[in-house]
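**Student:** generate a structure from the sequence data that follows.
(one chain, ligands or ions: 2)
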Amino acid sequence: MKTQVLKPNEHSLKLAGELIRSGELVGIPTETVYGLAANALDGEAVMKIFKAKGRPSDNPLIVHICDLSQVDYLVKEFSPKAKLLADKFWPGAITIIMPCSENVPSQVTAGLDTVAIRFPSNKTAQAIIKSAGLPLAAPSANLSGSPSPTNAAHVYNDMKGRIPLIIDGGESKVGLESTVISMAGDVPVLLRPGGITVSEIESVIGKIVVDNGVTHMLADDAVVSSPGMKYKHYAPKAEIIIVKADSESYAEYVNKRYEAEGAGALCYSEDTEKLKAPYICLGEKEDYSSQAHNLFSSLRKLDDMNLKKVYAHCPGTDGVGLAVYNRLIRSAGFEVIELA
Ligand code: AMP
Ligand code: MG
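**Tutor:** Ligands and ions are numbered 1, 2, ... in the order given. Next comes the predicted model:
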């Protein structure tokens, strides 16, 4: 199959809608990361997503909408608290899990009785959903296990020959996947941190629970609230090791080892002058938005540097830092070295 990459315009948006309606997959830009979209109401089309990505079929997909009125068809109940979140943060980078209606195919929910829904703010994403005239099931448009794509070239790299069309809407603004919150139980539970932070959510609906799987490795047999949690994710070819230390100790630690180990560094601006090893800088230590924006493309760039190991300087865990930490710790397979 030939994969076309087109800029958004009247012709390409119409084509995207037609392809999706005919059961095909389209790579679409969103403000979080690029998505691999199919008609969410067509189980067979949705199966193609799992095949193209090599995604385990027990990992459910997020349904993308372009109008609040689409929610009722997809859910059993749109609770007042879930509505509060939707009113405040949609369109935007938060996915809300709710009890699902019978209209959602089991391929989307991986057989769960809940459905994950998001209304993206990216105008091209909205235009593609409108053009298809359907809600779209769309996970990140990477091969399963690779870093999520934040531009069309990343999608092309992973999906060429597997899908007919990618719409190139430029760089994803946030750069990390959406915040995922479950509103399906008695208490709201944060399942995945993202661009919308715990404190922003709590300012709207009060105290929420942060699932243990957000920051900790779960046992192989653990019952997880969100299937995506149990997979090692975002792993570049090099082994990533997180180093928790101040800038001086971190640089000293890396400088001692990098030559013998063929290692590099994933670091912050304050570290760069001290490092002798090859490095990629994620931005200022306190600038979590830049780190979020740069993380996945940096992980892909590390692949091109042919390193055996990468020592990543541990990010902060407050605000959007929690989302950066959550992705980085998965890319490291939870391997953290703490220097006293
Ligand atoms: P992705 O689309 O690749 O960003 O992944 C979507 C994430 O949302 C995965 O971690 C899924 O496990 C999670 N997810 C989707 N639907 C549900 C659901 N109904 N219940 C819990 N987690 C979900
Ligand atoms: Mg993904």
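**Student:** ligand 1 contacts on the stretch 1-150 of the chain?
**Tutor:** Residues of the stretch 1-150 of the chain found near ligand 1 (Cβ under 6 Å from any ligand atom) are Asn59, Pro60, Leu61, Ile62, Ile97, Thr109, Leu112, Thr114, Val115, Ala116, Pro139, Ser140. To be clear about C-beta, it is placed using only N, CA and C from the backbone, and glycine gets the same treatment.
**Student:** what do you get if the cut-off is 5 Å, keeping everything else the same?
**Tutor:** By the rule Cβ under 5 Å from any ligand atom, the part of the stretch 1-150 of the chain lying against ligand 1 is Pro60, Ile62, Ile97, Leu112, Thr114, Ala116, Pro139, Ser140.
**Student:** pLDDT below threshold where in the stretch 101-250 of the chain?
**Tutor:** Low-confidence segments of the stretch 101-250 of the chain (pLDDT under 70): 230-233.
**Student:** what segments of it are strands?
**Tutor:** Counting by DSSP state E, counting those that start in this stretch, the stretch 101-250 of the chain has strands at residues 114-118, 136-137, 165-167, 179-182, 189-192, 209-210, 239-244.
**Student:** the closest residue to Gly35 other than its chain neighbours - how many residues pack around it?
**Tutor:** On the basis of Cβ to Cβ, 6 or more residues apart in numbering, the spatially nearest residue to Gly35 that is not a chain neighbour turns out to be Ala138, at 3.3 Å. Ala138 has 29 neighbours, counted by other Cβ atoms under 10 Å.
**Student:** shouldn't Ala138 be in contact with Val33?
**Tutor:** No: applying Cβ atoms under 8 Å, one finds Ala138 not in contact with Val33, separated by 10.0 Å.
**Student:** verify the stated contact: Pro227 with Leu61.
**Tutor:** No: counting by Cβ under 8 Å, Leu61 is not a contact partner of Pro227; they are 10.6 Å apart.
**Student:** what's near enough to touch the residue nearest the centre of the chain?
**Tutor:** By Cα atoms, centre = their mean, the chain has its centre lying nearest to Glu177, at 2.6 Å. Counting by Cβ atoms under 8 Å, 6 or more residues apart in numbering, Glu177 touches Thr32, Val33, Ser140, Ser148, Arg192, Gly194.
**Student:** Phe296: which of the residues you listed is nearest?
**Tutor:** For the contacts of Glu177, the minimum distance to Phe296 (Cβ to Cβ) is 5.2 Å, reached by Ser148.
**Student:** so what's the closest one up against?
**Tutor:** Shown in contact with Ser148 (Cβ under 8 Å, 6+ apart): Val33, Tyr34, Ser140, Ala141, Asn142, Leu176, Glu177, Tyr234, Phe296.
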